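Chemist: Take a look and give me a structure for this.
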Amino acid sequence: MKIIIAGAYAIGTHLAQLLSRDKETIVLIDEDEERLANIGNNYDLLTINASPVSIKALKEAGAEDADLVIAVTPDESQNISCCIFAAKLGAKKTVAKIDSPEYVDPKLKEFFTDLGVSSLIYPEMLAAKDINNGLKMSWVRQRWDVHDGALVMLGIKLRETCEILNMPLKELSKEDAPYHIVAVKRGEDTIIPRGDDALQLNDLAYFMTTKNYIPYIRKIVGKEHYVDVKNVMIMGGGQTAVRAIKTMPEYMDVTVIEKGEERCEQLNELLDESVMVINGDGRDIPLLVEEGIGNTQAFVALTGNAETNILACLTAKRMGVRKTVAMVENLDYVKMAESLDIGTIINKKAIAASYIYQMMLDANVQNVTFIMTANADVAEFIPKEGSKVTQKPVKDLGLPAGMTIGGLVRGSEGMLVDGNTRIKAGDEVMVFCHNINMKKVEKFFL
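Modeler: So this is what the prediction gives:
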């Protein structure tokens, strides 16, 4: 595939990293020579030092026969213009990063398609969805739903209260077991487990199960004492916070702590009157005590500074808050946040890049998610009639190392997969991939 990326910023850089591992032909356009030099030295791609809305530059990049043009500069107008020009030149698909929630109205989809913009991506909305998924279940680090929750993947940190530590998985995951463990993050390593492997203390284990067995999973991992989140304290009142609050369940009471006085006034206008907005610093312990952190079940740090967010979550944990969520945009700090046992980590550029990445695949694939903590991809594939994955039982498919099938949805029913399962065309199949080219995976479903 020929892919043009406009904008060598956070999302563009992360995308280049993802796509270069797949050996795609990538051309990166940016006005800043230094940004291009930094990324060009690290990845196998071509660079063009020019404006992303330069028709001459788009022609030079090969927009006439490009499979995908991705515009991810900080300027949404520039991104939309870039996509319109590229489409008129002949690009097959285009995607633009935007900052206006107005544009993601489903009623406007046809309007943008007619202009030549195939898809819009609003990172704040995607991040808000991940934040709220994490808050709904205080005992889960990550949650991933297939077909509105018919099938669920839960990332859970295992503590001393877990009942299934140090037991071989072949004893735990028998044919009638209501869950599969599709992956384990242990220290720096991600393990696709086999029957002789066992779960250990402080593992981050990824369970695949069906919705009705979530209470059972909660029991065996020893998390029944975790209270459900009803009170949330958010530090930082940016766009991500606003989107998260607007889409939170109604039963959650929210307090926002924001340093900027002017922004506090804006938040009071943007948010429902039931949301309490406080002008202050979320690292100020007396302020946290005064505002009732002792009765708060979740603390969410969403400032633009990764160090501030990590420190604030550590402070909240020391004050007894069980569930913490930190936005960590600098990937260099992700490992630090993990080692400090900060709960859920949100990275907008990784979320946005995963969303765009699925557009490259030829198979019918939905909800590609890159799990930073496990350095792995999770995706829903829908196999075509006659595809390789439908020809034999799962145990005889010869799946490559690093790929595992966790479950599927047939009709509207979630099902776990074992070696004897026969996958059918039209099933929604959950695939977990670690250190493997997604193009290699999709061949099973074409």
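Chemist: Can you pull out the residues in contact with the host helix or strand of Ala350?
Modeler: Ala350 belongs to helix 348-357 when assigned by DSSP states H and E. Helix 348-357 has contacts (C-beta atoms under 8 Å, 6 or more residues apart in numbering) with 10-11, 13-15, 18-19, 70, 72, 95, 97, 121, 123-124, 126-127, 130, 240, 327, 329, 331, 368-370, 372, 377, 438. Quick note: C-beta positions are derived from backbone N, CA and C, even for glycine.
Chemist: now stretch 270-283
Modeler: With contacts defined as C-beta under 8 Å, 6+ apart, stretch 270-283 is touched by 233, 235-237, 242, 245-246, 253-261, 264, 267-268, 287-288, 291, 301, 303, 308, 311-312, 315.
Chemist: List buried residues within the residues you listed.
Modeler: Among the contacts of stretch 270-283, those classed as buried by 16 or more other C-beta atoms under 10 Å are 233, 235-237, 242, 245, 253-259, 264, 267, 288, 291, 301, 303, 308, 311-312, 315.
Chemist: Among these, which ones are in strands?
Modeler: Members of the buried ones among the contacts of stretch 270-283 lying in strands (criterion: DSSP state E): Met233, Met235, Asp253, Val254, Thr255, Val256, Ile257, Glu258, Ala301.
Chemist: Look up how far Ala376 lies from the second one.
Modeler: To tie it back to what came earlier, the one meant is Met235. Going from Met235 to Ala376 by C-beta to C-beta, to the nearest Å gives 29 Å.
Chemist: list the contacts for the closest residue to Thr209 other than its chain neighbours?
Modeler: Nearest non-adjacent residue to Thr209, counting by C-beta to C-beta, 6 or more residues apart in numbering: Tyr179, 4.2 Å away. For Tyr179, the contacting residues are Ser173, Phe207, Met208, Thr209, Tyr213, Tyr216, Ile217, Leu416, by C-beta under 8 Å, 6+ apart.
Chemist: Could you rerun that using 7 Å?
Modeler: Contacts for Tyr179 were tallied using C-beta atoms under 7 Å, 6 or more residues apart in numbering; they are Phe207, Met208, Thr209, Tyr213, Ile217.
Chemist: low-scoring pLDDT stretches of the chain, where are they?
Modeler: 21-22, 174-175, 358-370, 372-374 (pLDDT under 70).
Chemist: Give me the outermost residue of it relative to its centroid.
Modeler: Within the chain, the residue lying farthest from the chain centre (C-alpha atoms, centre = their mean) is Lys56, at 35.0 Å.
Chemist: Tell me if that one really is in a helix.
Modeler: Yes: assessed by DSSP: H, G, I helix; E, B strand; the rest coil, Lys56 belongs to a helix.
Chemist: Quick check: closest non-adjacent residue to it.
Modeler: Per C-beta to C-beta, 6+ apart, closest to Lys56 is Ala50, 7.4 Å.
Chemist: Correct me if wrong: that neighbour contacts Ala57.
Modeler: Yes: when contacts are counted by C-beta atoms under 7 Å, Ala50 is listed as touching Ala57 (3.6 Å).
Chemist: between these two, who's got more neighbours?
Modeler: Using other C-beta atoms under 10 Å, the more surrounded residue of Ala50 and Ala57 is Ala57, with 22 against 17.
Chemist: and the gap between the more buried one and Asn42?
Modeler: 22 Å.
Chemist: Also Ile345?
Modeler: 23 Å.
Chemist: So for the two, which sits in the more crowded spot?
Modeler: Ile345 (26 against 11).
Chemist: beta partners for that one?
Modeler: For Ile345, the beta-bridge partners under DSSP bridges are Ala326.
Chemist: does it really touch Met336, like I thought?
Modeler: No: the criterion here is C-beta under 7 Å, and Ile345 misses it with Met336 at 10.2 Å.
Chemist: overlap in contacts of those two?
Modeler: By C-beta under 7 Å, 6+ apart, no residue touches both Ile345 and Met336.
Chemist: can you give me the strands for the stretch 51-200 of the chain?
Modeler: 68-71, 93-97, 119-121, 142-146, 151-157, 179-186, 189-191 (DSSP state E, counting those that start in this stretch).
Chemist: With distance to Leu28 as new columns, can those strands be given to me in JSON lines?
Modeler: Converted to JSON lines, the strands of the stretch 51-200 of the chain look like this (distance: least, C-beta to C-beta, whole Å):
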{"stretch": "strand 68-71", "distance to Leu28": "10"}
{"stretch": "strand 93-97", "distance to Leu28": "15"}
{"stretch": "strand 119-121", "distance to Leu28": "18"}
{"stretch": "strand 142-146", "distance to Leu28": "30"}
{"stretch": "strand 151-157", "distance to Leu28": "32"}
{"stretch": "strand 179-186", "distance to Leu28": "31"}
{"stretch": "strand 189-191", "distance to Leu28": "29"}
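Chemist: With respect to burial, which of the ones you listed scores highest?
Modeler: strand 68-71 (a mean of 30; mean count of other C-beta atoms under 10 Å).
Chemist: Can you spell out which helices and strands pack onto that one?
Modeler: strand 2-6, helix 76-89, strand 93-97 (3 or more C-beta pairs under 7 Å, 6 or more residues apart in numbering; DSSP states H and E).
Chemist: Centre of the chain to stretch 346-354, how far?
Modeler: How far stretch 346-354 lies from its chain's middle: 6 Å, per C-alpha atoms, centre = their mean, to the nearest Å.
Chemist: What residues sit buried inside it?
Modeler: Ile346, Asn347, Lys348, Lys349, Ala350, Ile351, Ala352, Ala353, Ser354.
Chemist: okay, now the domains of this structure?
Modeler: As assigned by automatic domain parsing, the chain contains the domains 2-121, 131-220, 229-321, 355-445.
Chemist: Please name whichever of these is nearest to Leu340.
Modeler: Nearest to Leu340, of all the domains of the chain, is domain 229-321, at 6.2 Å by C-beta to C-beta.
Chemist: Relative to the whole chain's centre, how far out is that closest one?
Modeler: Distance, centroid of domain 229-321 to centroid of chain: 22 Å (C-alpha atoms, centre = their mean).
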